[in-house]
Structures are given as structure tokens and as C-alpha cells.
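K.L.:
Can you look at this prediction? I've put the sequence above it.
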Amino acid sequence: MRYARRAVAVLALTVLATTTACSVEKAGDGNGGTDAAAQCGSGKEFLIGMSQANNAEPYRQVMNDDITNAAKDVPGFKVVVSDAAQDNSKQVADVENFISQGINLLIISPNEAKPLTAVVKKAYDQGIPVIVLDRKVEGDAYTAFIGGDNVAIGKAAGEYYAKTLLPQGGKVAEISGLPGSTPAAERAQGFREGIASNPKIEIVATQTAEWLREKGQSVMDAMLKAHPDIDAVYSHNDPMAEGAYLAAKAAGKESAIKFTGIDALPVPSGGIKAVEQGRLQATFQYPTGGREAIDMAKKILVDCQKDVPKTTTLGTTQITKENAAQVYTELGGKQ
């Protein structure tokens, strides 16, 4: 990247393990499973099921767009997207439905890890290659995981607070993502590691807003009533940070409190523009991985590649007002 010197971590491909041949060679059991090794190759039609956790989150809509747009460039690829609407049982049913349709490959961004583990394993055990995107499941019964290092992102945010945003210390409110989702736990953990070097920073309140802007606003409203002397808000994503900003503005405190988020979507309503326009002090890029997922699907289904990386880790970039416009352009930002 041309802005690599500002990157907290460059895009990295980390191979923790490679899939064994059985992950793409297992024959189906007649109930929707596929023999990927027998069916792979160019000039064929492939049905890909994309099980999304919640389309109401802007990040996930951009992820869907990245997947469907990338798939258009691969002859023979057809992607069907389902929306779990933040409901674990619905997402399980969505995956069951994909299995019954005889999909050739499953991409899934789980709503929560534990409730989706069994059905992901079911698809994998039936010979369907499974790409887990963004959020993890338990165990390793899947073909590949693609996502950011949320501990590293949270730590980068914490270090920004410790050294730049609140070098003299201060009181921080944390607005967290959906409990049970791995990014929420990891972003919280990393942030605490990052601020550890500055003992004058105190997290005075932590509450979930489930990744949603409107809930971020209501949560912040309650936090301000309990802690009117908050100095900064660490939000696990940009929409919740924007919601918190609106609550502070309604209370006449938007200029007294500093806000940061995570995602940095290159769209007009995303975090990069919020930084550029002064509502957020910083955001940290969390790539959707959508294009990378389709690239890996092509390797599995079209190129018949048996050994694909078990884990692909996407890097992050710290975005402040100084580099927001540049990064927005370089990420192909929409006007």
C-alpha cells in the first residue's frame, strides 16, 4: 500500500495450517454434500451460499457487495446471500437450507461463534468447502478462515489512546459489539492491552450496542447520565461511534468528548468520512474480506487447489484526519 508507513499492520497472509486433502476431496453423503475434487474445474457452474449475520449493519452490506461484485468476474459463479438478521437459529436454518440446495461452497460470517459451530461442521463434514469470514466458529471444522486480527486492531486503538488521544489520561466509555461474537471479545482484549502503558486511562463503563448505530446512541445517552465526565468513547465499530456522537451532541457535549471507531468503510456514510468531517478522531480499517473469499473460492472450485491457507489475516490501517482523504481514495472510496 502506498500509505504503508501509516499502517499498523500490513496485509499479511498467515498460514497457521493448510487444509488436508479431505477438506476438498470428501464425497458427499447424498444429502446435499458435494465432492469438490470431482466437480472442480473451469467451464463449470458453481453455486455459492453466503450466510450473512445481519444485513442491517453497514459493514456487512459492504461485505455482501464485495462478494457479489467479485463473483461477477469469475465465469460460472453464482452467489446467493441469506440474511440471519442477527438471529442464531435463523442462520443455522439458512445454512441447512444451503446444504439441502446442494451448494458447491459455503461462505459464512457467523452471528456468534458457538451457536453456528455445529452447522458449519455439518456442511464441512458433507464435503462442502467452507470459508469462515470475519467472525470465527469454535474448533477447526472448516476449510479456511479469512479476517482481521481483532486483538491487534484493539491494541492499536488502545495505543493510540495511550500515546496520542489521551496522553495525560482520562475516563473512557467502551461501546462493545454483540456478546458472543469473537470480534467484540478480541477488540475489548486488545484495547486493554494497548492502554496498559498509560495507567491514567480508566475505562469507567462498558456496554454493548450490538454493532448498531441506533443502539449506540441510546447506550451513550445512558452512559452520559451515569458518567457525565467521560473524556472519550472507544467504540467497537464506526456506526456505534456515530450513534454515540449523536447522543453527545444532543447533550451539548460533542466537542468535549473524543470518539473512535473501527471498520473504516470507504463509503460516504462510513468511518473514514466521519473522521474527515471531524465527528470521529480516528478509525481503524477492518477489511471485509469479501474479495479475498471469492479469490479463495476460485482457487478451490475452478483451479482445483487442494491446499489453501487455513488462516488468512488481513491487516489494519490507523486513519486520522491527516490521512483520511488519501486512504479513502486509495481504498476506492465511493463519492
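P.N.:
Perfect, I can see it now. Numbering: from 1, shown residues only.
K.L.:
Can you give me the distance of residue 169 to residue 220?
P.N.:
Between residue 169 and residue 220 the distance, using Cβ to Cβ, to the nearest Å, works out to 21 Å. Quick note: C-beta positions are derived from backbone N, CA and C, even for glycine.
K.L.:
And for residue 166?
P.N.:
Relative to residue 220, and taking Cβ to Cβ, residue 166 is found at 18 Å.
K.L.:
same question, residue 205
P.N.:
Taken as Cβ to Cβ, the spacing of residue 205 relative to residue 220 amounts to 10 Å.
K.L.:
Of the two, which one has the most company?
P.N.:
In this view residue 205 and residue 220 are compared by other Cβ atoms under 10 Å, and residue 220 has more residues nearby, 31 against 18.
K.L.:
does that one really touch residue 173, like I thought?
P.N.:
Yes: contact between residue 220 and residue 173 holds when scored by Cβ atoms under 8 Å: they sit 7.3 Å apart.
K.L.:
so what sits against both of the two?
P.N.:
Listed contacts common to residue 220 and residue 173 are 233, 244; contacts here mean Cβ atoms under 8 Å, 6 or more residues apart in numbering.
K.L.:
How about the contacts made by residue 94?
P.N.:
49, 51, 82, 84.
K.L.:
Can you tell me the SS state at the residue lying closest to the last one once chain neighbours are set aside?
P.N.:
When you say that, I think you mean residue 84. In space, residue 84 comes closest to residue 91 once its chain neighbours are excluded; the distance is 3.4 Å by Cβ to Cβ, 6 or more residues apart in numbering. Here residue 91 takes the helix state, with states given by DSSP: H, G, I helix; E, B strand; the rest coil.
K.L.:
Could I get the pLDDT score of residue 91?
P.N.:
The predicted local distance difference test score for residue 91 is 98.
K.L.:
which secondary element of the chain has the worst mean pLDDT?
P.N.:
helix 22-25 (a mean of 33; mean pLDDT, DSSP states H and E).
K.L.:
Does residue 200 touch residue 162 like I think?
P.N.:
No: at 9.0 Å, residue 200 and residue 162 do not qualify as touching, with contact defined as Cβ under 8 Å.
K.L.:
Looking at those two, which one has more neighbours?
P.N.:
Ranked by neighbour count (other Cβ under 10 Å), residue 200 and residue 162 place residue 162 first, with 19 against 12.
K.L.:
and stretch 139-159, how far apart are its ends?
P.N.:
Across its full length, stretch 139-159 reaches 31 Å between end residues, using Cα to Cα, to the nearest Å.
K.L.:
let me fix that: stretch 227-238
P.N.:
For stretch 227-238, by Cα to Cα, the gap between its terminal residues amounts to 22 Å.
K.L.:
how far away is residue 122 from residue 79?
P.N.:
Using Cβ to Cβ, one obtains 21 Å as the distance from residue 122 to residue 79.
K.L.:
Specify which residue of these two has the higher count of neighbours.
P.N.:
In this comparison of residue 122 against residue 79, neighbours counted by other Cβ under 10 Å, the higher total goes to residue 79 at 22 against 19.
K.L.:
Do a quick rundown of the strands in the chain.
P.N.:
7-9, 46-52, 77-83, 105-108, 130-133, 144-148, 170-176, 201-208, 232-235, 258-263, 282-285, 311-314, 316-319 (DSSP state E).
K.L.:
Let's have these in a markdown table, adding mean pLDDT and distance to residue 216.
P.N.:
Listed next are those as a markdown table, based on pLDDT from 0 to 100; distance: least, Cβ to Cβ, whole Å:
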| stretch | mean pLDDT | distance to residue 216 |
| --- | --- | --- |
| strand 7-9 | 38 | 24 |
| strand 46-52 | 98 | 21 |
| strand 77-83 | 98 | 21 |
| strand 105-108 | 98 | 26 |
| strand 130-133 | 98 | 23 |
| strand 144-148 | 96 | 20 |
| strand 170-176 | 98 | 6 |
| strand 201-208 | 98 | 10 |
| strand 232-235 | 98 | 7 |
| strand 258-263 | 98 | 9 |
| strand 282-285 | 98 | 14 |
| strand 311-314 | 96 | 24 |
| strand 316-319 | 96 | 19 |
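K.L.:
Export the ones you listed as TSV, with columns for distance to residue 325.
P.N.:
Putting the strands of the chain into TSV (distance: least, Cβ to Cβ, whole Å) gives the following:
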stretch	distance to residue 325
strand 7-9	17
strand 46-52	30
strand 77-83	32
strand 105-108	32
strand 130-133	29
strand 144-148	23
strand 170-176	26
strand 201-208	29
strand 232-235	22
strand 258-263	17
strand 282-285	13
strand 311-314	22
strand 316-319	10
